[in-house]
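Novice: Provided below for reference: sequence and predicted model.
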Amino acid sequence: MPLPRFSTLDEPRRRAILGAAAEEFGEKGFAAASYNRVIERAGISKGAMYYYFADKDDLFRTLLESAVAQWVVQVMQPFDVKDADGFWATCQTIYERSLRFMLADRTNAAICLCITRSRERREDHAALVELQRQMEHWTNEIIRSGRSVGAVRDDIPPELLLQVALSMMDAGDRWLASRWGEFKPEDVASTAKTMVDLFKRVGAPLHVLTGTDLAATPGRGARKKKDQG
C-alpha cells in the first residue's frame, strides 16, 4: 500500500504519477519496468517518489487497486434484471461504460492497457493474481444472474462457461488494445454490440438467440409442465 501521505496529494498529481506508472509498466512489464523512468515520466524527484511509495512493487499494487476501485464505481451496475433481454442489454451497457471510462481519461486508458498487456505476458505478480481472482468472481456472478432469468445456457458445466467467458474477455481486451490508438467515441456503441453479441452467441440458450417461445416449442412445453408438476 502507498504511504499515507500519497492520499494527501491533489488529484491531478496523483493521476499524473499513476498514469506515468501505467505507461511504464504497460510498455515494459513489471519485471523490466524502471522505477527511475516512472519518476522521470511523472516529473517529480526521486526523493518525492520514495516519500509516497516504498518501492516499485508498492507502486504497482497501488496502480492496480486504484484502477479496480475506479472501474467498479464508474462502470459496474447491479444485475437487477427480470428477463433475458434485460440481462443482455445490461451487459452491453456495462461494456459501453467501460469503453467510455477509458476514453474519458488518458490515465484510465493507460492503466487498463497496462493490465491487458501484463496478462498477455502472463506475468504472475501477486496483485495480478488477485485481480484475476476478482474477475473470476464478478464473471461467475454475472453468469449466475443470467441463468436465473434464462439468459445464459445451463446445458454445460458452469466452470467451463466461466473459463470460456474469461478467455473471450481476454481476447477482446487484447484486440481492443491493438487498435486503441485509433479508437474514437463514435466506435463505442458498435464495439460494445459486437463484443456482447459474441458472448451471447456462445452463452445464450438457443431459444434466446432465435426468439423462440420455449413453451410453444413442440415437446418442450409438455416437459416444462411435467418438471413443474
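Specialist: Good, I have the coordinates. Residues are numbered from 1 along each chain as shown.

Novice: can you list the low-confidence ranges for this structure?
Specialist: Screening the chain residue by residue with the criterion pLDDT under 70, one finds the ranges 1-3, 212-229.

Novice: can you list the buried residues in stretch 47-60?
Specialist: 49, 52, 53, 56, 58, 59, 60 (16 or more other Cβ atoms under 10 Å). All C-beta spots, glycine's among them, are computed from the backbone N, C-alpha and C.

Novice: what of stretch 189-202?
Specialist: Buried residues in stretch 189-202, counting neighbours by 16+ other Cβ under 10 Å, are found at 191, 192, 195, 196, 199, 200.

Novice: for stretch 186-194, the distance to its chain's centre please.
Specialist: 16 Å (Cα atoms, centre = their mean, to the nearest Å).

Novice: can you list contacts of it?
Specialist: Stretch 186-194 is contacted by residues 92, 95, 96, 99, 100, 103, 176, 183 when judged by Cβ atoms under 8 Å, 6 or more residues apart in numbering.

Novice: so what does the last one look like in phi/psi?
Specialist: This means residue 183. Here is the backbone geometry of residue 183 (degrees, to the nearest 10): phi -70, psi 140.

Novice: measure it to residue 95 for me?
Specialist: Separation of residue 183 from residue 95 (Cβ to Cβ, to the nearest Å): 13 Å.

Novice: between those two, which has more neighbouring residues?
Specialist: Neighbour count, other Cβ atoms under 10 Å: between residue 183 and residue 95, residue 95 has more, with 22 against 16.

Novice: name the SS class of the more buried one, please.
Specialist: Under DSSP: H, G, I helix; E, B strand; the rest coil, residue 95 falls in the helix class.
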